[in-house]
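> quick one: sequence plus predicted model below, questions after.
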Amino acid sequence: MYEKNVYNFQSGDLVSQALNHFIEKKSAEAIAKTGRFTVAFSGGSLPKTVAKYLVNNKAIDFSKWHVFFADERCVPLNHPDSNYALVKTELLDKIKAGRLVAIPEDQVYALNEKFASNSENAAEDYEHQLISAFVGKNTVRHPVFDLILLGMGPDGHTCSLFPGFPQLQENEKWVTNIDNSPKPPPSRITFTLPVVNNAHNIVFVTTGAGKASIIHEILDQNSKEYPSGLVSPTRGNLYWFLDNESSSKIVSHSISLFGL
Ligand SMILES: O=C(O)[C@H](O)[C@@H](O)[C@H](O)[C@H](O)COP(=O)(O)O
């Protein structure tokens, strides 16, 4: 059985501070063990919340980071809907601006723009990018990420895995596609559940009151009704970083003390 840690902070700013310490530790552990740190980002508010203090953290060896996208919208990389563009603005460019050693560009695994208009080809290409980054290094049947950072939508979706959609059943592929996403834009690629569940560390970052009821159902009642409730590590640990609002409906004994 995996370890589930639910951390509650007074504000979104404290969530960002805690994530900075947490990621520094996980990055150092992975680099000491394997010489690199493989991390996947989602979109939404997550990149900004994660990057707030991280971009000034001089204790982190960003040159050893390999950055991936847990899901991506099939749009050009400079499009306002692109998760790559968001992570570039919030994290990659800010690290570069403030430091001598940035994350090398060939260690950032973005959607291949050639396939932006064909989600099936884009997913296949992204799976090949994962294969080239993981096979022979850290793969069993699925890649083993050091850290996957997830958000949760108001319908309980995570990555681009939406409630009731067939992508939730995918057990073979590492990356799959969707062309009828209930949330625009419709065409996307996404990690599959086995890839998410295979990571060493899976972190949900969820702030704001809108998701408090779903969080209560997932964390207190173990609901499997929502894609986020199906995240269940096979080898690693699961962490939820919440603020006072998103955790407001959780029964208090579910909440762990944040410590490193
Ligand atoms: O691709 C998307 O549509 C978004 O990236 C989405 O999956 C997001 O991660 C969640 O809806 C949480 O978003 P917030 O953190 O902004 O609430």
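Structure received. Numbers count the residues shown, from 1 in each chain.

> what about residue 3, how many residues nearby?
10 (other CB atoms under 10 Å). Placement of C-beta: from N, CA and C, glycine included.

> which ones are touching it?
Residues in contact with residue 3, defined by CB atoms under 8 Å, 6 or more residues apart in numbering, are 237, 238.

> could you rerun that using 6 Å?
residue 237 (CB atoms under 6 Å, 6 or more residues apart in numbering).

> that one and residue 64, how far apart?
25 Å (CB to CB, to the nearest Å).

> next structured bit after the longest helix along the chain?
In the chain, assigned by DSSP state H, the helix with the most residues is helix 12-34. Downstream of helix 12-34, the next assigned helix or strand under DSSP states H and E is strand 37-41.

> and that following strand with helix 12-34, angle?
140 degrees (axes from the mean of the first three to the mean of the last three CA atoms, to 10 degrees).

> not including adjacent chain positions, what is the nearest residue to residue 170?
residue 192 (4.4 Å; CB to CB, 6 or more residues apart in numbering).

> distance of that neighbour relative to residue 166?
11 Å.

> which one's more surrounded, those two?
Using other CB under 10 Å, the more surrounded residue of residue 192 and residue 166 is residue 192, with 23 against 9.

> how close does that one get to residue 258?
From residue 192 to residue 258 the distance is 30 Å (CB to CB).

> likewise for residue 219?
16 Å.

> and for residue 252?
Where residue 258 is concerned, residue 252 sits at a distance of 15 Å (CB to CB).

> quick check: end-to-end length of stretch 226-236?
Taking CA to CA, to the nearest Å, stretch 226-236 runs 21 Å from one end to the other.

> what are the buried residues along that stretch?
226, 227, 228, 229, 230, 231, 233, 236 (16 or more other CB atoms under 10 Å).

> for the stretch 101-250 of the chain, what lies in contact range of the ligand?
151, 152, 153, 157, 160, 183 (CB under 6 Å from any ligand atom).

> wait, which of the residues you listed is closest to residue 76?
Residue 76 lies nearest to residue 160 out of these, by CB to CB, at 17.6 Å.

> give me the neighbour count for that closest one.
Using other CB under 10 Å, residue 160 has 27 neighbouring residues.

> residue 203 too?
Counted with other CB under 10 Å, the neighbours of residue 203 add up to 23.

> before we move on, what about residue 124?
For residue 124, using other CB under 10 Å, the count is 17.

> equivalent analysis for residue 53, please.
Counted with other CB under 10 Å, residues neighbouring residue 53 total 17.
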